[in-house]
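1. Structure of the sequence below:
(chains A and B)
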Amino acid sequence: MSLILSEQEQVRRGALKEMHDLGINPYPPEAYEINTNSEAILRDFPSNESAFQDVCIAGRIMSRRIMGAASFCELQDSAGRIQLYFKRDDICLGEDKTMYNTVFKRLLDIGDIIGIRGYVFVTQMGEISVHVREFKVLSKSLRPLPIVKEKDGQIYDAFTDPEQRYRMRYVDLIVNDAVKHTFIKRTKIINSMRNFFNEQGYLEVETPILQPIPGGATARPFMTHHNALDIPLYLRVANELYLKRLIVGGFDGVYEFAKDFRNEGMDRTHNPEFTVMEIYVAYKDYNWMMDFTERMLERVALETNGSTKTNIQTQEIDFKAPFKRISIIDSIKEHTGFDVSQSSESELRDICKKLGVDTDPAMGKGKLIDAIFGEKCEHHYIQPTFITDYPVEMSPLCKRHRDNPELTERFELMINGKEIANAYTELNDPIDQRNRFEEQMNLSARGDDEAMFIDQDFLRSLEYGMPPTSGMGIGIDRLVMLLTGNTTIQEVLFFPQMRPEKIRKGVSADDFIQIGVSTDWAIHLVPAGFVSVEMLLAEKASAIQAKLNGYRKKNKLDMPAIQMDEIEAWLKK
RNA sequence: GAUUCGUUAGCUCAGCUGGUAGAGCAUUUGCCUUUUAAGCAAAGGGUCUCGGGUUCGAAUCCCGAACGGAUCACCA
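-> Predicted coordinates for the structure are as follows:
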């Protein structure tokens, strides 16, 4: 911890000490029982005044308006904010006015957590407030909170620096009300999906995060090492292959909300760890899954926002089922005019060239088609749209299309120009699956470092027989972004990945103690203007003495003035 | 990873073509018994992100680094 505290931090530590001196524990151990909260009071008081004659609530002081013997402050609890009214002679019934004059007015600050007991009333300005009879300090805050003020919907001095907000999410949550609501919605969305699945009788399961073979998706994994077994392990990039093993094992429907990890770029739609929901249902195909997915999303939107419609930037998106469906080949035809259904790899390269789509030699047919779609079609799909029937090369875990073996029974759900969900009629033919993995190995040999590894145990499970199954994965973070109107993933993750915080280098008191400075003086050297040992040594002893004793006088330090011989001793060392 | 912009008080930001730092809120001290971005009066608070360079003199100009934002590439 730094020895250098800002003035405001010093003031708060001083207040802490004064509280101790008054016999007040600023961090009391016992529970504080509340009997209501800000939201309930504001909502129910007008219709039932008598129920609020003895309320007890607790929370954080967010603003104070002190006027002599009476004051107002705003208390923020988990449900919202409410105004408190403190009157000196009501807080302090006897002659001793310490609790008001000293504790409330001087020792409490914005950010402190208190509990209060009192009765609810309406001020002359018409605001429902609590008239405080007694209060208790529950936790003293030692750092000043960024103060956000608001009037007529206009926000002043908002705490907006993204770096600070993401690194100190706790402060962000305290001060920026909308942030809390985003995360409450996130949980609502997940609960809503979970209820939907549970109602159908599907089983929520957990599968390994540490995997010996990172299968189920094409992505670069994070690697780690298990010491006891002395083997490499990977953080999962997907959980697909494990969930399918469970379908082999005889469950009709399994699902998992999973943190997946991908060692790739970070930007406003990608975080190295992210949440995916994957579900697998036996005896179904991708057509059924499309119906299921649109029903689920319609319900989730309705339960979260009270409407199937949601706004993101200037777009309005409607989750009302059914969604549009179009095959990837038809989509490319529609947006580029090219029919790529019969094209060879070299023909596809020509088309890419004509369309100005970048390619590289490692790309096979599937990736080329995907590149065209990604660049020319994807961004057109603002309203929820199922893109179906992807080429076989880019879908190694997906069953071949019943009408065309070059294609697969796969769909991706595009919303607001982005992929939100991905689903297959799962490939359950073990021989075909083995061949597909081998093709992936060939792609890998061509330099595609995202092609899949072969998971022999997964193949063995398929050889025991997996029922026809459809599976679907949905990016929870992106869905939350859509349903909360956020455009960056960092806004829907409590703690997005950041570069490690820079440790402020600088001298510590110890560095000065090394050269013989007494402990008492060492802590004052930096504030007095000596920011390095070298700087101190470069000065003349008389100049140092003048400076330090000047500092001592200015800050009224309770210690003797420093003497020349002491300083000369430092300089000799 | 590339390009680009940014980093000044606890927070939000000014600071013109280089002359040694300002505002509002927050803090401290007064006054104020129903205010509401409370008000009035006064005060304190800054290694101008860091390291070099140019200069008599750098928050300001130049070079480099760190961190962050935006865009692009890869990907969900």
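
2. could you dump the longest helix seen in chain A to PDB, C-alpha only?
-> The residue-count maximum for a helix in chain A (DSSP state H) belongs to helix A:177-199. This file holds the C-alpha atoms of helix A:177-199, laid out as PDB (Å, rounded to 0.1, in the frame of the first residue of the first chain):
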ATOM      1  CA  ASP A 177     -27.300   3.100 -11.900                       C
ATOM      2  CA  ALA A 178     -27.900   1.700 -15.400                       C
ATOM      3  CA  VAL A 179     -24.900  -0.600 -15.000                       C
ATOM      4  CA  LYS A 180     -26.600  -2.500 -12.200                       C
ATOM      5  CA  HIS A 181     -29.800  -2.900 -14.300                       C
ATOM      6  CA  THR A 182     -27.800  -4.400 -17.200                       C
ATOM      7  CA  PHE A 183     -26.500  -7.100 -15.000                       C
ATOM      8  CA  ILE A 184     -29.800  -7.800 -13.400                       C
ATOM      9  CA  LYS A 185     -31.200  -8.200 -16.900                       C
ATOM     10  CA  ARG A 186     -28.400 -10.600 -17.700                       C
ATOM     11  CA  THR A 187     -29.400 -12.900 -14.900                       C
ATOM     12  CA  LYS A 188     -33.100 -12.600 -15.900                       C
ATOM     13  CA  ILE A 189     -32.200 -13.700 -19.400                       C
ATOM     14  CA  ILE A 190     -30.300 -16.700 -18.200                       C
ATOM     15  CA  ASN A 191     -33.000 -17.600 -15.700                       C
ATOM     16  CA  SER A 192     -35.700 -17.300 -18.400                       C
ATOM     17  CA  MET A 193     -33.800 -19.700 -20.700                       C
ATOM     18  CA  ARG A 194     -33.200 -22.100 -17.800                       C
ATOM     19  CA  ASN A 195     -36.900 -22.200 -17.000                       C
ATOM     20  CA  PHE A 196     -37.800 -22.700 -20.600                       C
ATOM     21  CA  PHE A 197     -35.400 -25.700 -20.800                       C
ATOM     22  CA  ASN A 198     -36.400 -27.200 -17.400                       C
ATOM     23  CA  GLU A 199     -40.100 -27.000 -18.300                       C
END
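
3. can you give me the mean pLDDT across that helix?
-> Taken as a whole, helix A:177-199 carries a mean pLDDT of 95.

4. From the chain's centroid, how far away is the helix or strand that comes right after that helix?
-> Next in sequence after helix A:177-199, counting helices and strands by DSSP states H and E, comes strand A:203-204. Offset of strand A:203-204 from its chain centre (C-alpha atoms, centre = their mean, to the nearest Å): 25 Å.

5. tell me what strand A:203-204 is packed against?
-> Under the contact criterion of 3 or more C-beta pairs under 8 Å, 6 or more residues apart in numbering; DSSP states H and E, strand A:203-204 touches helix A:177-199, strand A:253-261. For glycine as for every other residue, the C-beta is placed from the backbone atoms N, C-alpha and C.

6. So which bits of the last one are buried?
-> To tie it back to what came earlier, the one meant is strand A:253-261. Using 16 or more other C-beta atoms under 10 Å as the test for burial, strand A:253-261 gives A:253, A:254, A:255, A:256, A:257, A:258, A:260, A:261.

7. same thing with the first one?
-> Within helix A:177-199, the residues scored as buried using 16+ other C-beta under 10 Å are A:179, A:182, A:183, A:185, A:186, A:188, A:189, A:190, A:192, A:193, A:196, A:197.

8. show me what contacts the residue most central in space within chain A?
-> In chain A, the centroid-proximal residue (C-alpha atoms, centre = their mean) is residue A:493; its distance is 1.5 Å. Going by C-beta atoms under 8 Å, 6 or more residues apart in numbering, residue A:493 touches A:271, A:274, A:477.

9. still on that earlier bit, present the buried residues of strand A:253-261 as CSV; the columns should include distance to RNA strand B and pLDDT.
-> Formatted as CSV, the buried residues of strand A:253-261 follow (distance: C-beta to the nearest atom of the strand, whole Å; pLDDT from 0 to 100):
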residue, distance to RNA strand B, pLDDT
A:253, 23, 96
A:254, 20, 97
A:255, 17, 98
A:256, 16, 97
A:257, 14, 97
A:258, 12, 95
A:260, 7, 94
A:261, 8, 93
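
10. what two of those are the furthest from one another?
-> Pairwise distances across these (C-beta to C-beta) peak at 25.4 Å, for the pair A:253 and A:261.

11. okay, now the domains of chain A?
-> In terms of domains, chain A is parsed into A:7-145, A:180-323+A:383-492, A:509-572 (source: automatic domain parsing).

12. how long is the first one from one end to the other?
-> Just to be clear, that refers to domain A:7-145. 14 Å (C-alpha to C-alpha, to the nearest Å).

13. when you scan it, is anything in it near RNA strand B?
-> Yes: counting by C-beta under 7 Å from any atom of the strand, RNA strand B has neighbours in domain A:7-145: A:7-8, A:11, A:15, A:63-70, A:72, A:83, A:85, A:87, A:89, A:106, A:109-110, A:121, A:123-127, A:129, A:131, A:144.

14. Those, buried ones only, as a PyMOL selection?
-> Here is the PyMOL selection string for the buried members of these, based on 16+ other C-beta under 10 Å:
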select buried, chain A and resi 15+63+64+72+83+85+109+110+129+131
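
15. No further questions, thank you.
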